[in-house]
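Enquirer: Let me see the structure of the following:
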Amino acid sequence: MLPYLGEHFGNPSSAHPYGRKMHQAVEQARQQLAALVDCAPGEIYFTSGGTESNNLAIRGLAAANPERRHIITSVIEHPATLQPCLRLERSGYTIDRVPVDGTGRVDPDDIARRMSAQTLLVTIMHANSETGTLQPIHALSGITREAGALVHTDAAQSVGKVPVSVRREGLDLLSVAGHKLYAPQGVGALYVRSGVGINPVLNGAAHEKGLRPGTENVAAIVGLGQASVIALREMAAEGKRVSSLRDRLWEKLQQGIEGLELNGHPELRLPNTLNIRFPRVHGNALLDHCTAIAASTGSACHESGATASAVILAMGVEPDKAAGSVRLTLGRANTREDIDRAAEALIRSWRQLS
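Expert: Predicted coordinates for the structure are as follows:
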């Protein structure tokens, strides 16, 4: 990224040599991200992040297809999906919000029963931001094709951590958040399958083939491209390493805390995510006391003080138990020594509070 923060400074939409250099960098990043999600480079549109990508997918699709006014989503989506759906609902759209089971997964048969000739879109996240539970996206794409509808997935949490192929999954739209795969904050992308009609949400010039106006943040886009290269190269080995550390953390915490429970699916989840319920303590109180680690009781975009997570409640967990939930996530920098220290610190804090 560094050369594009100083040495190369042109506008990628300009025809002069400075601009052409920047344009080449953007197009290279487009190819790199396309390789990661298995699509054509021309199907990638750069945005400011996952929130903009979700808004563009949902609202842009609705604007381009006014004849269909029914959308299906789930009760555990990120606000970047929930809020655009609510906005459309207030303007007359019918929004079906499907429940999840005790592991946090939607039932494809439930979605199939809700489909109609008016259904425009099914938008279900690929991996939940709090539990890491993976959704049956491939099954959903088969359902939407039969009904002539489209499927979008918010893959902010999963791209770069587990293999994601838009071709294999049969996706029409997919959202990417750069910082979730070690790119900078403030950059993302939307995959739009060739032939899918979608309108811009912002009005302006013809950047990104007219779908997302505004001068591109070239340095951040370059960072996203390089992060995609690293993720594609190291994903298998890193996923195995991190999942091993996650399981080690879970085992050590279980040894020290009786009554500890897992939130989410025990197997179909991201390799880096461990969401657990601590008995007889509030998650926020535990984390406030345990200053040795940086963690949260839920997604940063869901944090709301002392209330239990809506995601955990939607899975059927009783409110008093849900309030003890803590989300622990691991990354490239974490080691076995980190895991052992974190487990010891959490156990010590739990014992002091309970």
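
Enquirer: elements contacting the strand or helix carrying Asn54?
Expert: Using DSSP states H and E, the element containing Asn54 is helix 50-64. Packing partners of helix 50-64 (3 or more C-beta pairs under 8 Å, 6 or more residues apart in numbering; DSSP states H and E): strand 44-47, helix 79-90, strand 119-123, strand 150-154, strand 173-177, strand 188-192. Every C-beta, even on glycine, is put in place using the N, C-alpha and C of the backbone.

Enquirer: Tabulate these in a markdown table, adding columns for distance to Glu258 and mean neighbour count.
Expert: Formatted as a markdown table, the helices and strands packed on helix 50-64 follow (distance: least, C-beta to C-beta, whole Å; neighbours: other C-beta atoms under 10 Å):
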| stretch | distance to Glu258 | mean neighbour count |
| --- | --- | --- |
| strand 44-47 | 46 | 26 |
| helix 79-90 | 35 | 18 |
| strand 119-123 | 40 | 25 |
| strand 150-154 | 36 | 28 |
| strand 173-177 | 37 | 29 |
| strand 188-192 | 42 | 28 |
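
Enquirer: Can you tell me which of those is nearest to Pro319?
Expert: For Pro319, the closest of those is helix 79-90, at 20.2 Å, according to C-beta to C-beta.

Enquirer: Now do the following helix or strand past that closest one: everything it contacts.
Expert: Counting by DSSP H and E, the next helix or strand C-terminal to helix 79-90 is strand 94-98. With C-beta atoms under 8 Å, 6 or more residues apart in numbering as the test, strand 94-98 has contacts from 69-75, 85-86, 88-89, 106-107, 110-111, 114, 118.

Enquirer: Pull up the pairing partners for strand 94-98, direction included.
Expert: strand 70-74 (parallel) (DSSP bridges).

Enquirer: Averaged pLDDT, the strand it pairs with. What do you get?
Expert: The average pLDDT for strand 70-74 rounds to 98.

Enquirer: Got the confidence number for Asn302?
Expert: You called it Asn, but residue 302 is His. With respect to pLDDT, His302 has a value of 50.

Enquirer: can you check Leu174 too?
Expert: In this model, Leu174 is scored at 98, pLDDT.

Enquirer: For Leu262, find the nearest of the helices and strands packed on helix 50-64.
Expert: Of the helices and strands packed on helix 50-64, nearest to Leu262 by C-beta to C-beta is strand 150-154, at 23.1 Å.

Enquirer: check contacts around the closest residue to Ile198 other than its chain neighbours.
Expert: The shortest distance from Ile198 to any non-neighbouring residue, by C-beta to C-beta, 6 or more residues apart in numbering, is to Gly60 (4.3 Å). Contact analysis of Gly60 by C-beta under 8 Å, 6+ apart lists 198-201, 211.

Enquirer: now the residues you listed as TSV including pLDDT and distance to Gln185?
Expert: Formatted as TSV, the contacts of Gly60 follow (pLDDT from 0 to 100; distance: C-beta to C-beta, whole Å):
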residue	pLDDT	distance to Gln185
Ile198	97	25
Asn199	97	27
Pro200	97	23
Val201	96	21
Leu211	96	22
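
Enquirer: which of these has the most neighbours?
Expert: Ile198 (23 neighbours; other C-beta atoms under 10 Å).

Enquirer: still on that earlier bit, tell me which of the helices and strands packed on helix 50-64 sits nearest to Ala292.
Expert: Between Ala292 and those, the tightest spacing by C-beta to C-beta is seen for strand 173-177, at 27.8 Å.

Enquirer: Right, I'll leave it there.
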